[in-house]
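Student: Give the three-dimensional model of this entry:
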Amino acid sequence: MASWIKSKHPGIRYREHDTRRHGVGNKPDRYYTIFYKLDGKTVEEAVGWASQGMTEKKAAAILAELQENHRRGTGPRTLKEKRELGAAERQEQEEQAKQDAIDNLTLSAIFYDKFIPHIQANRRDLKSWKRDEGLFRLWIAPVVGNKPLRDIAPFDLEKIKKNMTKAEKAPRSIVYALATIRLVFNFALAHDLYTGRNPAGPAGKVKRPTTDNNRVRYLSREEAAALLAELATRSRDVHDMALLSLYTGMRAGEIFSLTWADIDLAGGVIMLRKTKGNKNRAAFMTEAVKAMLQARTKSAPAGLVFPGRNGVKIEQASDTFTRAVDKLGFNEGIADREQRVVFHTMRHTFASWLVESGTDIYYVMKLMGHSDIKLTMRYAHLGKNSLRMAVQRLEAAG
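Tutor: This is a model prediction of the structure:
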């Protein structure tokens, strides 16, 4: 490398490379620096090669800017400070661009690209997320799907309620729609996709429609026997699943996920793992349940007790159940959805029979796997005879 050469511009010098050539005329490449006084000391800083676009004029402009900053007492006083400030500004701009992209994500983008894949990966049952997707597609997306979360207000949710009410949708469906919006907002908050308030949350201004949880259709002993008999003529699997739900209170999803490793025939216990609310609980076999399980063909411990076609997990109750109910006429002339017999009715029947037989409501809650006693209290009215008997026992004890 050659010795330093002073430029015609004060405070600028350069060295020419011994071999490297650059530009028109194949001139030697030049390496430019600036030098100046700062706090009584001489400072020299490299500004770059001519082959990278540096010139004497550009170097002089950089030096003049630094000297003017020094004179005014504002801005970077050295090239190092200028570069660090530029890097910080670029990083801030990049972060702001990322945040702007997040802030502009629409509710539909978050729902389909992030929320649905998340709940699928976490093994949420097919029926639940399909219901969420249907409600979103039909009722939520047309109103707020194209809006960023920050622009969605309680007014928008009231419009969704109004549209669903006008279409004569059941209050429970409206509650589910609002719950879906709440879940998406909570997901966005948890994954740093949103920083505002959840308009569908408990502290929001949107009032959820009231539903009558006490109106729960359940089967009489005679109806249950007739249904099981009809199912037995149609499908052994559907019959066995219905019987299991009737005498243990198991949800359909819990039955579909049941493996032989969860079955303790000797102890008469079924272990339900990571059920609704991600909790474990035990279900206890009646003699009918034990006999049914003993009669089924067992596989490896990890094998499903009720495998679907090709051994895969069943995702929803079979239409065979509906056809059997229709054959028996249980839903004939019944328009109220809460009063129609569906597979879930077997679980309701289990709880109803427990209460009617005098079982303490707390024990019913535990057997049903309810996280809140309020859910179990819908059956409390069935225990009036038990309450009367309790008072009579008190009198007899005196």
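Student: Pretty sure residue 79 sits against residue 65.
Tutor: No. Using C-beta atoms under 8 Å, residue 79 is not in contact with residue 65; the gap is 9.6 Å. Placement of C-beta: from N, CA and C, glycine included.
Student: Tell me which of these two has more neighbours.
Tutor: Neighbours were tallied for residue 79 and for residue 65 using other C-beta atoms under 10 Å; the higher tally belongs to residue 79 (21 against 14).
Student: what's the closest non-adjacent residue to the more buried one?
Tutor: residue 45 (4.2 Å; C-beta to C-beta, 6 or more residues apart in numbering).
Student: Near that neighbour, how many other residues are there?
Tutor: Residue 45: 16 neighbours (other C-beta under 10 Å).
Student: Pairing partners for the helix or strand encompassing it, with directions?
Tutor: Per DSSP states H and E: residue 45 is located in strand 41-49. The pairing partners recorded for strand 41-49 under DSSP bridges are strand 27-38 (antiparallel).
Student: tell me which residues in the strand it pairs with are buried?
Tutor: Buried residues in strand 27-38, counting neighbours by 16 or more other C-beta atoms under 10 Å, are found at 28-34, 36.
Student: repeat for stretch 43-50
Tutor: Burial within stretch 43-50, assessed by neighbour count using 16+ other C-beta under 10 Å, is assigned to 45, 47-50.
Student: try stretch 150-164
Tutor: Buried residues in stretch 150-164, counted by 16+ other C-beta under 10 Å: 152, 156-157, 160-161, 163-164.
Student: Mind putting the residues you listed into CSV with secondary structure and pLDDT?
Tutor: Shown next, in CSV, are the buried residues of stretch 150-164 (DSSP: H, G, I helix; E, B strand; the rest coil; pLDDT from 0 to 100):
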residue, secondary structure, pLDDT
152, coil, 92
156, helix, 93
157, helix, 93
160, helix, 94
161, helix, 92
163, helix, 94
164, helix, 91
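Student: Looking at the residues you listed, which is nearest residue 178?
Tutor: Among these, residue 157 lies closest to residue 178 (C-beta to C-beta), at 6.5 Å.
Student: wait, that closest one sits on residue 206?
Tutor: Yes. Counting by C-beta under 8 Å, residue 157 touches residue 206, with 4.5 Å between them.
Student: Quickly list what's touching both of these two.
Tutor: 178, 199-200 (C-beta atoms under 8 Å, 6 or more residues apart in numbering).
Student: In helices, which of those residues fall?
Tutor: Within the shared contacts of residue 157 and residue 206, membership in helices is found for residue 178, as judged by DSSP state H.
Student: Relative to residue 342, which of the shared contacts of residue 157 and residue 206 is nearest.
Tutor: For those, the nearest to residue 342 is residue 178 (22.6 Å; C-beta to C-beta).
Student: related to what we said a few turns ago, may I ask which of the shared contacts of residue 157 and residue 206 has the most neighbours?
Tutor: Counting neighbours by other C-beta under 10 Å, residue 178 leads those with 24 neighbours.
Student: Skip the chain neighbours and tell me the closest residue to it.
Tutor: Nearest to residue 178 is residue 200, by C-beta to C-beta, 6+ apart, at 5.2 Å.
Student: where do the strands sit along the stretch 151-300 of the chain?
Tutor: All strands of the stretch 151-300 of the chain, identified by DSSP state E, counting those that start in this stretch, fall at 263-264, 269-272, 281-284.
Student: which residues touch stretch 223-234?
Tutor: With contact meaning C-beta under 8 Å, 6+ apart, stretch 223-234 is reached by 219, 238-239, 242-243, 246, 320-321, 323-325, 327-328, 330, 341, 349.
Student: again, only using 7 Å
Tutor: Stretch 223-234 has contacts (C-beta atoms under 7 Å, 6 or more residues apart in numbering) with 219, 238-239, 242-243, 246, 320-321, 324-325, 327-328, 330, 349.
Student: so what's residue 108 up against?
Tutor: 141, 145-146 are the contacts of residue 108 under C-beta under 7 Å, 6+ apart.
Student: hmm, which of those are the buried ones?
Tutor: Those of the contacts of residue 108 that meet the buried threshold are residue 141, by 16+ other C-beta under 10 Å.
Student: Can you convert the contacts of residue 108 into JSON lines and add a column each for distance to residue 285, secondary structure and pLDDT?
Tutor: Shown next, in JSON lines, are these (distance: C-beta to C-beta, whole Å; DSSP: H, G, I helix; E, B strand; the rest coil; pLDDT from 0 to 100):
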{"residue": "141", "distance to residue 285": "45", "secondary structure": "helix", "pLDDT": "95"}
{"residue": "145", "distance to residue 285": "47", "secondary structure": "coil", "pLDDT": "93"}
{"residue": "146", "distance to residue 285": "52", "secondary structure": "coil", "pLDDT": "94"}
